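>>> Mind folding the following:
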Amino acid sequence: MREQPRVLVVDDNATNRFLLSRLSSSLGFSVDEAENGQAAVAKALTGAYAVILMDLAMPVMDGMEATRRLRAEGVTTPVIAVSAHIGSDDRLDLAEAGFDGAVPKPVDFPALTQYLTAAL
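Numbering: from 1, shown residues only. The predicted structure is shown next:
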C-alpha cells in the first residue's frame, strides 16, 4: 500500500483549517496543519508535502513572507494562496513571492480541487 500524499494547510482560523483539511482528506491526502507562516516554514522544511495551502493574512508571519522564505530555502513544493485578500492586481505579487496559484475565500472549492488533484 502506497503512502498518502501530504498537504500542509496553513491558516490562523481553525474553521478554515478544518474545511481545507476535510476537502484535502476527501481527495486522499494526509493533512498537517499550521496556524501561522512561521510554523508552516518549520513544518515544510522538515516534511515532504505534495502541496501547501497558505493563507496570506496571519499573525507571527504572513503567507507572503513564509512563501518567500520557503523558496529561499530551496523548497519547490507547490504553494497555493487561499485567501480573502486576492484580487486581480495581487496575482503578480503572489507569483513574485513564489506562489504557484491562488484560490479566493470564500473558498472556490472547484478551483481548489483542481489544484489538489494536480498535486496528486
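
>>> CA-only coordinates of stretch 61-68 in CSV, if you can.
Output in CSV follows, covering the C-alpha atoms of stretch 61-68 (Å, rounded to 0.1, in the frame of the first residue of the first chain):
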residue,chain,number,x,y,z
MET,A,61,4.4,35.6,9.9
ASP,A,62,2.1,36.2,6.9
GLY,A,63,1.8,33.8,3.9
MET,A,64,3.8,36.1,1.6
GLU,A,65,6.8,36.1,3.9
ALA,A,66,6.5,32.4,4.6
THR,A,67,6.4,31.5,0.9
ARG,A,68,9.4,33.8,0.2
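
>>> For that stretch, which residues meet the burial criterion?
61, 62, 63, 64, 65, 66, 67, 68 (16 or more other Cβ atoms under 10 Å). For every residue, glycine as well, the C-beta is placed using N, CA and C.

>>> Which secondary structure state is assigned to the fourth one?
This points to residue 64. Three-state assignment for residue 64 (DSSP: H, G, I helix; E, B strand; the rest coil): helix.

>>> beta partners for the spatially most central residue of the chain?
What sits nearest the mean C-alpha location of the chain, by Cα atoms, centre = their mean, is residue 53, with 1.4 Å. Beta-bridge partners recorded for residue 53 (DSSP bridges): residue 9, residue 80.
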